[in-house]
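Enquirer: Structure, please.
(2 chains)
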Amino acid sequence: MNSSPVTDADLHAFLDGELPPERHRAVEVWLAAHPDGARRLESFREQQRALRRMFAPVLDEPLPEALIQASRSPIAAPRARPRRPWLQLVAAVLMTCTGVAGGWIARGQQDAVGMAAVVPLPRQAAVAHVVFSPDVKRPVEIRAEHEEQLITWLSKRLGTAVRPPRLTAQGFELIGGRLLPGNTGPVAQFMYHDASGQRLTLYVSTENASNRDTAFRFAQEGPVNVFYWIDGKFGYALSAGIPKDTLAGIATAVYEQLESR
Amino acid sequence: MDRQTLLAELPRLRRYARALVGERCAADDLVQDTLERAWARFGQWRADGDLRPWLFAIMHNLRMDQLRKPRLDLVPIDDDVPELPVRANQSDRIEVADLAAALAQLPEEQRAVLLLVTLEEMRYADVASTLGIAVGTVMSRLSRGREHLRQILAGEAPSPQLRVVR
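Expert: Residues are numbered from 1 along each chain as shown, chains lettered A, B, ... in the order given. Down below sits the predicted model:
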């Protein structure tokens, strides 16, 4: 048996430690005499190393909240009704990650029970702020270093040109942005921070069907203050955990910049 | 099966799903479906059995169901938005982007075997029972998968479309 020719299957089994010890040694001897075979084995070994290296970082990623929830026994811990409704929305937002997988629509409908079918703009924005702004490692999908790419991508997905305003004069720098699910389609979120690390998000929706412009409105959602307004098909909401007056000043700056375009 | 043991399996389930499916959200959705089905079939789990192969088998079955059903089209995201964890390393001989694209080109059945052997370091016999196939089939798919991947990376096989919208 040990003298039988070394096949491709032997090489793979050798690499994976699946050969009996004797056969393993026989393959070793064979490899020493067959550089082509040894090179071939090396290419598979390198492939193996590259695959492990490529996916190793996934093991260290923070677990998405939806998955932590799903690890909980549905019997032992029937889904508690959260006292704060925005927490429930956080769960809903996290769940409907993209909608690529088949089951999400059905799940979304189940979750819609006891929740308004259409979530008002300031609440959507506040939830998105609460979800993403504390994220240290991955607060945005595309960072400000790639601003042009960010603009191109978000404009394409929203089907209309969107561009983050400059808030440097107000002390805020752009961190980047991301795409999110709104009530009926994609919405954009731009995130900024100031020198102290305080984060601010601008939520841009193109879902406004009524086409009725509004003045600035203020809402408070849990710890988050939100200024929002509607301009044509666009709905804007500026959220941060900063005082109302300060936020109003920034909202004015955002509005002026958007108007002057 | 309890919450802690399930939580401990999550990173590996996510890694495999990410490598198999490619896209982060779709992969996490698959993991979430797996957890939900695991709880629903909790009664079928033998307490003396290993949790991990059982979870991987559930995930495999769900994935097969998913592939049989027509799905929503993915929007191809161009502009080089990285979707895979990228650890930049100039000394890597195989570039991460090339590898990801090559992996996506493998037939799903070859990719699944290759990933269970490579990432999960499963024995051939365990791969066979997880996927519900014979050990001989595991070996032939593994052999074809590795060779296929090697050819694509070496530029030997014609690569049809780098971004496949499935």
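Enquirer: tell me, how many neighbours does residue A:232 end up with?
Expert: Residues near residue A:232, counting by other CB atoms under 10 Å in any protein chain shown, number 11. Backbone N, C-alpha and C define where each C-beta goes, glycine included.
Enquirer: And the one 5 residues further on, by the same measure?
Expert: Residues within reach of residue A:237, counting by other CB under 10 Å, total 28.
Enquirer: OK, contacts around it?
Expert: Contact analysis of residue A:237 by CB atoms under 8 Å, 6 or more residues apart in numbering or on different chains lists A:121-122, A:124-126, A:202-203, A:205, A:226-228.
Enquirer: Which ones among those residues lie within strands?
Expert: Of the positions in the contacts of residue A:237, A:202-203, A:205, A:226-228 sit in strands, assigned by DSSP state E.
Enquirer: how far does the helix or strand of chain B with the lowest mean pLDDT sit from the chain's center?
Expert: Ranking every helix and strand in chain B by mean pLDDT, DSSP states H and E puts helix B:96-105 at the bottom, with a mean of 85. How far helix B:96-105 lies from its chain's middle: 13 Å, per CA atoms, centre = their mean, to the nearest Å.
Enquirer: ok, and does it reach over to chain A?
Expert: Yes. Helix B:96-105 reaches chain A (CB under 8 Å from any CB of the partner chain) through B:96, B:99-100, B:103.
Enquirer: still on that earlier bit, weed out the non-buried ones from the contacts of residue A:237.
Expert: Burial by neighbour count, 16 or more other CB atoms under 10 Å in any protein chain shown: within these this picks out A:121-122, A:124-126, A:202-203, A:205, A:226-228.
Enquirer: Just put those residues in CSV and tack on distance to chain B.
Expert: Shown next, in CSV, are these (distance: CB to the nearest CB, whole Å):
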residue, distance to chain B
A:121, 24
A:122, 25
A:124, 19
A:125, 21
A:126, 22
A:202, 20
A:203, 20
A:205, 18
A:226, 26
A:227, 30
A:228, 27
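Enquirer: of the residues you listed, closest to residue B:126?
Expert: Of all those, residue B:126 sits closest to residue A:124, with 45.3 Å by CB to CB.
Enquirer: surely the closest one meets residue A:189?
Expert: No. Checked against CB atoms under 8 Å, the pair residue A:124 and residue A:189 is beyond contact range at 9.9 Å.
Enquirer: Could I get the CA-only coordinates of the strand or helix carrying residue B:34 as PDB?
Expert: Using DSSP states H and E, the element containing residue B:34 is helix B:24-40. Output in PDB follows, covering the C-alpha atoms of helix B:24-40 (Å, rounded to 0.1, in the frame of the first residue of the first chain):
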ATOM      1  CA  ARG B  24     -22.000  40.600   5.500                       C
ATOM      2  CA  CYS B  25     -25.700  41.300   5.900                       C
ATOM      3  CA  ALA B  26     -26.800  38.200   4.000                       C
ATOM      4  CA  ALA B  27     -24.400  36.100   5.900                       C
ATOM      5  CA  ASP B  28     -25.600  37.400   9.300                       C
ATOM      6  CA  ASP B  29     -29.200  36.800   8.200                       C
ATOM      7  CA  LEU B  30     -28.300  33.200   7.500                       C
ATOM      8  CA  VAL B  31     -26.800  32.900  11.000                       C
ATOM      9  CA  GLN B  32     -29.900  34.400  12.500                       C
ATOM     10  CA  ASP B  33     -32.100  32.000  10.600                       C
ATOM     11  CA  THR B  34     -29.900  29.200  11.800                       C
ATOM     12  CA  LEU B  35     -30.300  30.300  15.500                       C
ATOM     13  CA  GLU B  36     -34.000  30.500  15.100                       C
ATOM     14  CA  ARG B  37     -34.300  27.100  13.600                       C
ATOM     15  CA  ALA B  38     -32.000  25.700  16.200                       C
ATOM     16  CA  TRP B  39     -34.300  26.800  18.900                       C
ATOM     17  CA  ALA B  40     -37.300  25.600  17.000                       C
END
